[in-house]
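Peer 1: test case, fold it:
(chains A and B)
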There are 2 protein chains.
Amino acid sequence: MGLLDVFRSEKKASAQIAKERLQVVVAQRRAATGGQPDYFPALQRDLLAVIRKYVDVSDNAVEMDLEQQDDLDVLELNIKLGDDSR
Amino acid sequence: MGLLDVFRSEKKASAQIAKERLQVVVAQRRAATGGQPDYFPALQRDLLAVIRKYVDVSDNAVEMDLEQQDDLDVLELNIKLGDDSR
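Peer 2: Got it, this is the predicted structure:
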């Protein structure tokens, strides 16, 4: 499965970092006539709130990113788990 | 960026399907001593509920998947948008 390959390759790139992390990626493919989904920033906040129901996430353990590339809108959350810098 | 490449390659594979879709992937890398995150099924339901705040998603437009591979736990939601089979 392609996506797993990506995560695996990222793991090898940062193999020296043994910390657990949680990565959330939302990608929306737009129709040719569509615009950027304006709900993405709100969705990003909601996703983080949902994740915090289940795992302990400090503010400085979260990296958030929103990108556009042609017809693809991508939302990312990268969360370090077990972060002790809270 | 690697993840975008994955979505792009998937797009080419299904280029004949012009529908918009939304893909959500959550991957958690476990520590060597960790077990499977037992909150993933509940998180999956919550994520779908959050997405439904923003987009109209019929039940039969959603594919959900939970996978494990070595130290990586992966949760997927594949959502067809603008599905008219409701």
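Peer 1: neighbours of the spatially closest residue to A:Tyr54 that is not a sequence neighbour, how many?
Peer 2: Closest residue in space to A:Tyr54, ignoring its immediate chain neighbours: B:Tyr39 at 3.9 Å, by CB to CB, 6 or more residues apart in numbering or on different chains. Just so you know, the C-beta spots here come from the backbone N, C-alpha and C atoms, and that holds for glycine as well. Close neighbours of B:Tyr39, defined as other CB atoms under 10 Å in any protein chain shown, add up to 15.
Peer 1: next: A:Glu67.
Peer 2: 14.
Peer 1: per-residue pLDDT, the closest residue in space to it that isn't next to it in sequence?
Peer 2: Among residues not flanking A:Glu67 along the chain, A:Val74 sits closest, at 4.6 Å (CB to CB, 6+ apart). At A:Val74, the model reports a pLDDT of 90.
Peer 1: tell me the strands beside the one helix or strand A:Val74 maps to, with direction?
Peer 2: Here A:Val74 sits within strand A:72-80, counting by DSSP states H and E. If you go by DSSP bridges, strand A:72-80 pairs up with strand A:21-29 (antiparallel), strand A:62-69 (antiparallel).
Peer 1: of the ones you listed, which is nearest B:Gln68?
Peer 2: Smallest distance to B:Gln68 across the strands paired with strand A:72-80 (CB to CB): 14.8 Å, for strand A:21-29.
Peer 1: what are the contacting residues of that closest one?
Peer 2: A:7, A:37, A:40, A:43, A:47, A:51, A:55, A:71-81, B:3-4, B:7, B:11, B:20-29, B:81 (CB atoms under 8 Å, 6 or more residues apart in numbering or on different chains).
Peer 1: just confirm A:Asp46 is within a helix.
Peer 2: Yes. Counting by DSSP: H, G, I helix; E, B strand; the rest coil, A:Asp46 is located in a helix.
Peer 1: circling back: just the strands paired with strand A:72-80: most buried one?
Peer 2: Of all the strands paired with strand A:72-80, strand A:21-29 has the most neighbours on average by mean count of other CB atoms under 10 Å in any protein chain shown, namely a mean of 22.
Peer 1: what separation is there between the closest residue to A:Glu63 other than its chain neighbours and chain B?
Peer 2: If the residues on either side of it in the chain are set aside, A:Glu63 comes closest to A:Asn78, at 4.3 Å by CB to CB, 6+ apart. Noted for A:Asn78: a distance of 10 Å to chain B, by CB to the nearest CB, to the nearest Å.
Peer 1: next up, the contacts around A:Asn78.
Peer 2: By CB under 8 Å, 6+ apart, the residues touching A:Asn78 are A:Arg21, A:Leu22, A:Gln23, A:Val24, A:Val62, A:Glu63, A:Met64, A:Asp65.
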